[in-house]
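>>> Below are the sequence and a predicted model for it; my questions follow.
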Amino acid sequence: MSNVHTLIKEIIDSNKIVLFIKGTTQFPQCGFSDGAIRLLKKIDPKKIFTVNVLEDTAMRQGIKNYSSWPTIPQLYINGEFIGGYDIMKEMSESGELQNLLNT
C-alpha cells in the first residue's frame with residue numbers, strides 16, 4: 001500500500017464522515033463539491049471532515065485509485081465508500097443519507 005493510501009485509510013478510519021472535495025468547505029472549487037457540502041451541512045455540519053484534494057496531486061489521484069471511483073467529490077461514512085455527488089443527491093432525496101449519517 002502506498003503512503004497516500006495509508007494516509008487515506010487513516011483519515012477514513014479516524015472520522016465518521018469524510019468528504020474528499022476540490023477546495024474547502026468555505027470555498028469549494030467545483031459545483032459538485034459545493035453541492036456535496038450543501039447536502040451534508042443540512043444534516044450536521046460539525047461532523048464533516050473534508051480533504052481538499054487540490055492541495056496534493058498524490059492525494060487527488062490516490063483517492064481515485066483507493067476507491068476505484070473516477071470523480072471527486074467522494075463521500076465515506078463509517079469507513080464505507082458511499083459515492084459521489086449524484087449518489088449523495090439521490091440518497092438525500094430518499095432520506096437514506098440522513099438515516100446513514102445518524103447511525
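Perfect, thanks for sending it. All values derive from a computational prediction rather than experimental measurement.
>>> Could you use CA atoms for every contact and neighbour count after this?
Noted.
>>> Just read off the phi/psi values of residue 20.
phi -90, psi 120 (degrees, to the nearest 10).
>>> can you give me the helices in this protein?
3-14, 31-43, 57-67, 85-94, 96-101 (DSSP state H).
>>> So which of those is nearest residue 76?
Closest approach to residue 76 among the helices of the chain is made by helix 3-14 (6.9 Å; C-alpha to C-alpha).
>>> wait, what's in contact with residue 40?
residue 48 (C-alpha atoms under 8 Å, 6 or more residues apart in numbering).
>>> one more time with 10 Å, if that's ok
Neighbouring residues of residue 40 by C-alpha atoms under 10 Å, 6 or more residues apart in numbering: 17, 19, 46-48, 75, 88-89, 92, 97-98, 101.
>>> center of this structure - which residue?
Nearest to the mean C-alpha position of the chain, counting by C-alpha atoms, centre = their mean, stands residue 19 at 2.0 Å.
>>> Out of the helices of the chain, flag the one nearest residue 79.
Nearest to residue 79 among these is helix 3-14 (5.5 Å), distances taken as C-alpha to C-alpha.
>>> quick one: the residue nearest to the centre of the chain and residue 32 touch, right?
No. Counting by C-alpha atoms under 10 Å, residue 19 does not reach residue 32; the two are 11.7 Å apart.
>>> Mind listing the shared neighbours of these two?
With C-alpha under 10 Å, 6+ apart, residue 19 and residue 32 have common neighbours 72-73, 84.
>>> export the helices of the chain to TSV and tack on distance to residue 24?
Output for the helices of the chain, formatted as TSV (distance: least, C-alpha to C-alpha, whole Å):
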stretch	distance to residue 24
helix 3-14	16
helix 31-43	9
helix 57-67	14
helix 85-94	16
helix 96-101	21
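>>> now these as CSV including mean pLDDT?
Below are these laid out as CSV (pLDDT from 0 to 100):
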stretch, mean pLDDT
helix 3-14, 96
helix 31-43, 92
helix 57-67, 95
helix 85-94, 95
helix 96-101, 89
